[in-house]
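Undergrad: Provided below for reference: sequence and predicted model.
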Amino acid sequence: MPFCSKHLLGIEYLSDLEITSLLDEADRYVALNRSDAKHSKIFTGVTQINMFFENSTRTQASFEIAGKRLGADVMNMAMQASSIKKGETLIDTALTLNAMNPDLLVVRHPHSGAVNLLAEKVNCSVINAGDGAHEHPTQALLDALTIRRAKGRLHRLSIAICGDINHSRVARSNILLLGKMGNRIRLIGPSTLMPKGIEDFGVEVFENPKDGLKDVDVVMMLRLQKERMDGGFIPSEREYYHRFGLDHEKLSFAKKDAIIMHPGPMNRGVEIDGTLADDINRSVIQEQVEMGVAVRMAIIESLIKSQQTKIIKVLK
Amino acid sequence: MKSNFLLTNATLIDPKLEDTYIGALEIRNGVIFKIHKGYPNIKIKTIDCGGKYLAPGIIDIGVKICEPGERHKESFKSAGQAAAAGGVTTMITRPDTLPPIDSPEILSFMHQRRSDASLVNIFPMATLTKNREGREMVEMGFLLDSGAIAFSDGDLVITDLKILTRALTYAKSLDALVVGHIQEPTLSQGATSTSGKFASLRGLPSVSVIAEKIGLERDLSIIEMTGTKYHIDQISSEVSLPALVRAKTRNIDVTAGVSIHHLTLNELDIGDYKTFFKVKPPLRSEQDRVSMVEAVSGGIIDIISSMHTPQDEESKRLPFEEAASGAVALETLLPAALRLYHSKSITINKLWAALTLNPAKRFGLTSGRLEEGCPADLVLFDPELPFIIDRETLKSKSKNTPFDGHRMQGRVLKTFVAGEEVYSG
């Protein structure tokens, strides 16, 4: 069953078949992106607006490249500097942009649920590029594609997600996606950074990385935000690295061919050892970035095509 | 000269009794002159109730009327109309207005405004500390003389225990009632939902129910020492109940309330970030909701209130974390409460005691009873009549009800205040 919804707001709303079909589409774009002629003209005339209410470099760039490679007109709006500062509400901003008839809005917002709210108010498709501590569906999809290409499958794998689960939308989307695809998920981190009720998500929780990493196929590290290091959630950066940072010793408990992932940007020496991150035999961090563009192209394609199909249906 | 009449062929709910009975009420000069069992034969203007339920009107504690300060959200007039339509005959209002009701001068402004605007009885509470800042106590003596019925800082908690202890001691010396909010603020600050699977899935900042238990135990310790008459505005979680039961068995002068929303909704109703379900304290788990219903049925929680909190569209049309808390409920309190009766969770008489008799006793009012000589503040309702709530038809100026589109069973037919009909549906 191909993915044919109006919006991509979260992994929660996707089925395993839709996920597989999106990843299959994305696989095709990986090949295109590696060729010399990366440009496709299928969506010439389509307008994509990137609205980022929170700082982002890589995600925004990835969406911009994805849109441009499909021939869309892409506009970036740095919302922090704009009318929001003048007191305009999220809905008014959305309605203003909506009036310019875009086909696609890519939205990141610091508050959970803000993208859902915005999607209710506009006519075009909306992609959630991260909302608060809720979801970051394109990141989970690009992680899934990376795992599938490295491991040859996306089911019956043992996958560890390590670090600040509580504040992480990447973790939530990944838990949902990897769970839907039938994988064993292990969460590793200090209990102060573990969300309440997380055991009910069908995951195993570990406080000791050596237990948690035992025989896993994939080690997914999360970024620890600087502002969480002030003694409120963990005592110090160095204690965190000592207990939870990924180093050679801790990694030795995982399978010999386990891959290392990180959504970036990395804090070397805080959550991950610098040499491990650069180890081309273990680390797939650069592949993740590459897959990001392909996955986003596949998502944009599916959303625009499903809009066009609906128009044809209405005309008939 | 008030009209005299007979309300006959009614199913009477006397909250002091265990069961309803068929009877008639003879109303003279605004009071219940005589209660007749069966079908009396008196020559007087007669209203046939058609066998529907006739009961004391609801006494709703903690109603927010947004005067002074935010009259566009709710005025005395609109709140009075909403109350009358909802079978609420007495509103005990919150002092968390702009500015707060913390001086006899502001209270006297309220008295002037309420008398020319409201259809139903209004008794205002005043704040416990000046500007609700938790630093200096208000002039409780003057405020009592000016008609303050109780003292409360609303949903703000006094964190300085010396000040709280002194204020409670002073209140005791005046035999004044204090209404407290018990969510420990260092834990609950910034939280918009209850810790657990749902909040984690939605990525919302959350607070553990322990914040309520800690706040409750803190306040109980102090009032055990000071002896102050104390009412807890809202209990919402199961973990708080043991401390409350202990306090009551030790004869601490404490009563507790619960909002209708915590009795009829749970955290899952928030769904995809519906801000009309954002209330304070946040909606709890289903387990907590069931425990609250049982606690009302078992008499551990004394009072059900609407916690009527009007918010305009703008303050709700925001991402969940930024949106304002609170829900309007004057008009939906009665039908929502009847859900508990229809689900056989609680008898109609016990339900009515929590809506009328218990708040009347606690706040020293003569209404809320079905007794000869008591004010004829009454509600006539059909407990079976089904309808769907449409928020646009609410009489409140603000339409922020979580029950929009909900199916309800039970509707107000007539409301009387002091023998005068103030609503007819």
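TA: Nice, I can see it.
Undergrad: what packs against the one helix or strand B:Ala10 maps to?
TA: Using DSSP states H and E, B:Ala10 sits within strand B:5-12. Judged by 3 or more Cβ pairs under 8 Å, 6 or more residues apart in numbering or on different chains; DSSP states H and E, strand B:5-12 is in contact with strand B:21-28, strand B:46-48, strand B:53-56, strand B:378-388. C-beta coordinates here come from the backbone N, C-alpha and C atoms, glycine included.
Undergrad: Ok, which of the ones you listed comes nearest chain A?
TA: Of all those, strand B:378-388 sits nearest to chain A, with 21.7 Å by Cβ to the nearest Cβ.
Undergrad: Just checking the distance from the very next helix or strand once past that closest one to the centre of its chain.
TA: Using DSSP H and E, the next helix or strand after strand B:378-388 towards the C-terminus is strand B:407-417. Distance, stretch centre to chain centre, for strand B:407-417: 17 Å (Cα atoms, centre = their mean, to the nearest Å).
Undergrad: Just the mean pLDDT for strand B:407-417, thanks.
TA: Taken as a whole, strand B:407-417 has an average pLDDT of 97.
Undergrad: Quick check: buried residues in that strand?
TA: Across strand B:407-417, burial judged by 16 or more other Cβ atoms under 10 Å in any protein chain shown covers B:408, B:410-417.
Undergrad: Also stretch B:294-308?
TA: Buried, per 16+ other Cβ under 10 Å, within stretch B:294-308: B:295-297, B:300-308.
Undergrad: Kindly report the same for stretch A:145-152.
TA: By 16+ other Cβ under 10 Å, the buried positions in stretch A:145-152 come out as A:145-149, A:151.
Undergrad: now, which of these lie within helices?
TA: Here DSSP state H is the test, and the buried residues of stretch A:145-152 give A:145-149, A:151 as lying in helices.
Undergrad: out of those, which one sits closest to A:Ile175?
TA: Closest to A:Ile175 out of those is A:Ile147 (13.8 Å), distances taken as Cβ to Cβ.
Undergrad: hang on, isn't the closest one packed against A:His155?
TA: No. If you go by Cβ atoms under 8 Å, A:Ile147 and A:His155 don't touch, sitting 10.3 Å apart.
Undergrad: if we can go back for a sec, could you check the angle strand B:378-388 makes with the strand holding B:Ala10?
TA: Comparing the axes of strand B:5-12 and strand B:378-388 via axes from the mean of the first three to the mean of the last three Cα atoms, to 10 degrees yields an angle of 60 degrees.
Undergrad: partner strands of strand B:5-12, parallel or antiparallel?
TA: With DSSP bridges as the test, strand B:5-12 is paired with strand B:21-28 (antiparallel), strand B:46-48 (parallel), strand B:53-56 (parallel).
Undergrad: I'd like the distance from the second one to the chain centre, please.
TA: Its chain's C-alpha centre lies 30 Å from the corresponding centre of strand B:46-48 when counted by Cα atoms, centre = their mean.
Undergrad: Show me what counts as buried in it.
TA: Neighbour counts over strand B:46-48 (16+ other Cβ under 10 Å) mark B:46-47 as buried.
Undergrad: Just the residues contacting that strand, thanks.
TA: With contacts defined as Cβ atoms under 8 Å, 6 or more residues apart in numbering or on different chains, strand B:46-48 is touched by B:5-9, B:414.
Undergrad: Just give me the closest of those residues to chain A.
TA: When the contacts of strand B:46-48 are ranked by distance to chain A (Cβ to the nearest Cβ), B:Lys414 comes first, at 39.7 Å.
Undergrad: Need the buried residues of stretch B:294-308 in JSON lines (columns: distance to B:Cys49).
TA: Putting those into JSON lines (distance: Cβ to Cβ, whole Å) gives the following:
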{"residue": "B:Ala295", "distance to B:Cys49": "32"}
{"residue": "B:Val296", "distance to B:Cys49": "27"}
{"residue": "B:Ser297", "distance to B:Cys49": "27"}
{"residue": "B:Ile300", "distance to B:Cys49": "33"}
{"residue": "B:Ile301", "distance to B:Cys49": "30"}
{"residue": "B:Asp302", "distance to B:Cys49": "29"}
{"residue": "B:Ile303", "distance to B:Cys49": "27"}
{"residue": "B:Ile304", "distance to B:Cys49": "24"}
{"residue": "B:Ser305", "distance to B:Cys49": "26"}
{"residue": "B:Ser306", "distance to B:Cys49": "25"}
{"residue": "B:Met307", "distance to B:Cys49": "30"}
{"residue": "B:His308", "distance to B:Cys49": "27"}
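Undergrad: What is the three-state secondary structure of the spatially most central residue of chain A?
TA: The centroid of chain A falls nearest to A:Gln139 when counting by Cα atoms, centre = their mean (1.4 Å). The three-state assignment at A:Gln139 reads helix, by DSSP: H, G, I helix; E, B strand; the rest coil.
Undergrad: Also B:Tyr170?
TA: With three-state DSSP as the basis, B:Tyr170 sits in helix.
Undergrad: That one contacts B:Met140, correct?
TA: Yes. Contact status for B:Tyr170 versus B:Met140: in contact at 6.1 Å, counting by Cβ under 8 Å.
Undergrad: Please list the residues of chain A that sit near chain B.
TA: A:12, A:89-91, A:109, A:111-114, A:116-117, A:131-135, A:169, A:172, A:195-198, A:200-201 (Cβ under 8 Å from any Cβ of the partner chain).
Undergrad: Those residues in helices, which ones?
TA: Among the residues of chain A next to chain B, the members found in helices (DSSP H) are A:90-91, A:114, A:116-117, A:169, A:172.
Undergrad: Of those residues, which is the most crowded?
TA: When neighbours are counted by other Cβ atoms under 10 Å in any protein chain shown, A:Arg172 leads these with 29 neighbours.
Undergrad: quick one: that one and A:Ile185, what's the gap?
TA: Distance, A:Arg172 to A:Ile185, by Cβ to Cβ, to the nearest Å: 12 Å.
Undergrad: Model confidence for the residue of the stretch 201-316 of chain A found nearest chain B, exactly?
TA: Nearest residue of the stretch 201-316 of chain A to chain B (Cβ to the nearest Cβ) works out as A:Phe201 at 7.2 Å. Note for A:Phe201: predicted pLDDT of 91.
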